[in-house]
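Engineer: Here you go, sequence then predicted model.
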Amino acid sequence: MMELFSVIRMAYAATLADAVASSAHAHVEAALRRDDGSLALDGDYDLPMRADLVPRRGTHAGKVLSVDSHTRMQFSVHTLPIPPAILYVAPFVWDAVALRVGGLMPEQVGAVLAPWFMDWFDPEDSNRLNEEGLFGVVHFASDPRPEGTLVAVELDLGSAPVQALEDLLSRLAAAGARDIRLT
């Protein structure tokens, strides 16, 4: 599964890195902040978010620009046991992951999601640029919400490494998730 996640991540990371390289005067993966410099927090779990790019000059200066995946790999659904959960992986893009979790309530998913997100968000902006010219951080997580018998969360994994997604999946399984789906 690591190889599959790596290929999916690389497709987006290359797109983001290309956009960064062509935007010499932009804030890269900027955390959205309030006027006083503190993180702008939102949602039930007070999570921050990051913009892909914020140009410093030109007609788009100060505007948040989104860099979106151009392609979605096509493959059959893969299943993998992560005891006690079963992981189902359908085609997805790194910057717009639909995560669905069975066996936990929305509050339980939130209790796992919020600390995981902050661990991979880098709230102090202390990460250094990696070899891709990116910071290796997650960008966004929605509040968990019920969706039938599952709990739905939308994620933008930004430039975070594959280990960030593996960490989330492990934490959800450890919390008792029975069914984890990525699409």
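Structural biologist: Good, I have the coordinates.

Engineer: If we ignore the residues flanking it in sequence, what's nearest residue 114?
Structural biologist: Once flanking residues are discounted, residue 114 sits nearest to residue 45: 4.2 Å by C-beta to C-beta, 6 or more residues apart in numbering. Glycine gets a C-beta too; all of them are placed from N, C-alpha and C.

Engineer: how far away is the residue nearest to the spatial centre of the chain from residue 144?
Structural biologist: When C-alpha atoms, centre = their mean is applied to the chain, the residue found nearest the centroid is residue 157 (2.0 Å). According to C-beta to C-beta, to the nearest Å, residue 157 stands 16 Å off from residue 144.

Engineer: Then residue 95?
Structural biologist: Taking C-beta to C-beta, one finds residue 95 at 19 Å from residue 144.

Engineer: and if you look at residue 166?
Structural biologist: Taken as C-beta to C-beta, the span from residue 166 to residue 144 is 19 Å.

Engineer: and residue 93, what does it touch?
Structural biologist: Residue 93 sits next to 8, 11, 12, 69, 71, 72 when contact means C-beta atoms under 8 Å, 6 or more residues apart in numbering.

Engineer: Try it again at 7 Å.
Structural biologist: Neighbouring residues of residue 93 by C-beta atoms under 7 Å, 6 or more residues apart in numbering: 8, 12, 69, 72.

Engineer: For residue 127, state which of those residues is nearest.
Structural biologist: Compare each of the contacts of residue 93 with residue 127 using C-beta to C-beta and the shortest gap goes to residue 12, at 17.6 Å.

Engineer: Torsion angles phi and psi at the closest one?
Structural biologist: phi -80, psi -40 (degrees, to the nearest 10).

Engineer: Nearest residue to it in space, ignoring adjacent ones along the chain?
Structural biologist: residue 94 (3.8 Å).

Engineer: likewise residue 122?
Structural biologist: Going by C-beta to C-beta, 6+ apart, residue 122 has residue 137 as its nearest residue, at 4.8 Å.

Engineer: next one: residue 98
Structural biologist: residue 183 (4.6 Å).

Engineer: correct me, but the one you found touches residue 89?
Structural biologist: No: in this structure residue 183 lies outside contact range of residue 89 using C-beta atoms under 7 Å: 8.2 Å.

Engineer: if we can go back for a sec, and the residue nearest to the centre of the chain, how far is that from residue 36?
Structural biologist: In terms of C-beta to C-beta, residue 157 sits 28 Å off from residue 36.

Engineer: OK, contacts around the closest residue in space to residue 42 that isn't next to it in sequence?
Structural biologist: Distances taken as C-beta to C-beta, 6+ apart put residue 49 closest to residue 42, at 7.1 Å, once the chain neighbours are dropped. Counting by C-beta under 7 Å, 6+ apart, residue 49 makes contact with 32, 139, 140.

Engineer: what about the second one, neighbour count?
Structural biologist: Okay, so that is residue 139. Neighbourhood size, residue 139 [other C-beta atoms under 10 Å]: 24.
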